[in-house]
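Q: I'll drop the sequence and a predicted model, then ask my questions.
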Amino acid sequence: MAIDHIDLSRIDLNLLVALDALLDERSVTRAAARIGVGQSAMSSSLARLRRLFDDELLTRAPDGMRPTPRALKLAEPLRATLRQVQALVHREERFDPATVERSFTVSLPDSVEVLLGPRLIAQLRREAPGIRLLLRSVDRARILDELDADRVDLAIGLFSEGQIHHKQRLLYRDSYVVLFNAELIGIEPPIGLDDYLRFPHVLTSLRETAHGVVDDALALIGRSRVLAVTTPRFLVVPFLVRAAPVVATMHARLATAFASALSLTVSPVPVALDDIAVSMLWHASYDRDPAHRWLRDLLVKLANEAPAFGML
C-alpha cells in the first residue's frame, strides 16, 4: 500500500506514544508520569486518540481503566511500530560488552539451563559483567504472548514458527539416548527393545501429560511401555534412574552429561525417534539490538563448542 503522506502528516505521532503508555499503565495518572507530562495533557491526548480511532479505547472499571477490544488489537502492532521508529531515528551505538549494563529475561527449560547456564554465566562474568540474567521456565502455550508483552526477551526450547513479528534461530540439534543404572538393571549397552520395554520408564513432560514421543513411536510398531513416574523437571531424572531399576529416554547431550557425573549408562534408543531442534525465539523489534544480538551469538557459540557441555 502506498503511503498517503498528506493524511499521515495530519497525525501527531506523539499520540501513539501516549496510547502505548495508556494501554500499558491503564491509568491516565500513571501514563502521564511515565512519559513526563501532566495529567490534563494526558487526558487531552486520550480524547484526541478516541476521535482518531473512533473508539473509546479505555473505559472506566472498578479496578482502573479497561481497554476495549479495539485497543487490545492495537497494542502489539503499536508497540512494534514504536520500537521500529526508535531504532530508525537512533543511530546504532558502538557496542562494548565490557561496559554495557543490561538485564535480560530468558525463558528456557531446565534441560537447556543446565547445559548452557554454567558456561554462559562464566562467559558473561569474563566478557560482559554488566549483563544480568533472569532465568525462568518456558511455557510454550504462552511464550508468544510473553514476548509480545515484553515480559520475556529471549526464549529457548522446541518451538514451531512464531508469527511474522517473531524471529527464530537454531541453537543446536540433538538426538535421544536411553539413560539407566547398569548395576541395578543388569544390562550393558546397547539395550534391546524387549529389555527396554521390560523395565518401567521415567517420562519428562512439560505439558503435564503422561504421553511422549516414545509412546508415539512404539504405537507405530504395535508396542507400549509402562511409566513409573512422569515429571516436568529434567534435572530430577538422573537421580531417579540412579536409585531405581527404571530407564529414561532423554536428549543425548543432557543424558551424556548426567551419565558422566553420576556413573550412569547411556545406550542408543531401540526404536526410531526423530532428532530435535532447540531454537531461540525473540520479538523482531530486538533483532538489531546490539546487546540482544551479542547474547544470541554467544549462545550459539557456546551451544556448538566442542566438547559439548562437559560442565557437570
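A: Good, I have the coordinates.

Q: domain ranges for this structure, per the record?
A: Taking the TED database as the domain assignment, the ranges for the chain are 5-89, 102-174+276-304, 176-268.

Q: can I get the ones you listed in a markdown table with mean pLDDT?
A: Shown next, in a markdown table, are these (pLDDT from 0 to 100):
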| stretch | mean pLDDT |
| --- | --- |
| domain 5-89 | 83 |
| domain 102-174+276-304 | 91 |
| domain 176-268 | 95 |
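
Q: of all these, which one comes closest to residue 96?
A: domain 102-174+276-304 (8.9 Å; Cβ to Cβ). Yep, even glycine has a C-beta here, placed from its N, CA and C like the rest.

Q: what ranges do the helices span in the stretch 51-200 of the chain?
A: Under the criterion DSSP state H, counting those that start in this stretch, the stretch 51-200 of the chain contains helices at 69-89, 110-127, 143-148, 182-185, 193-198.

Q: which of the ones you listed sits most buried?
A: helix 143-148 (a mean of 19; mean count of other Cβ atoms under 10 Å).

Q: run through who's touching it.
A: Helix 143-148 is contacted by residues 76, 79, 107, 139, 152, 155, 157, 159, 162-163, 165-166, 281-283 when judged by Cβ atoms under 8 Å, 6 or more residues apart in numbering.

Q: just checking, which of those residues belong to strands?
A: 107, 155, 157, 166, 281-283 (DSSP state E).

Q: for those, which one is nearest residue 203?
A: Nearest member of the ones in strands among the contacts of helix 143-148 to residue 203, counting by Cβ to Cβ, is residue 157, at 17.5 Å.

Q: can you tell me the closest non-neighbouring residue to the closest one?
A: The shortest distance from residue 157 to any non-neighbouring residue, by Cβ to Cβ, 6 or more residues apart in numbering, is to residue 138 (4.9 Å).

Q: count the neighbours of that neighbour for me.
A: Residue neighbour count, defined by other Cβ atoms under 10 Å, stands at 24 for residue 138.

Q: could I get the helices of the stretch 51-200 of the chain in a markdown table, plus columns for distance to residue 212?
A: Listed next are the helices of the stretch 51-200 of the chain as a markdown table, based on distance: least, Cβ to Cβ, whole Å:
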| stretch | distance to residue 212 |
| --- | --- |
| helix 69-89 | 33 |
| helix 110-127 | 14 |
| helix 143-148 | 20 |
| helix 182-185 | 20 |
| helix 193-198 | 14 |
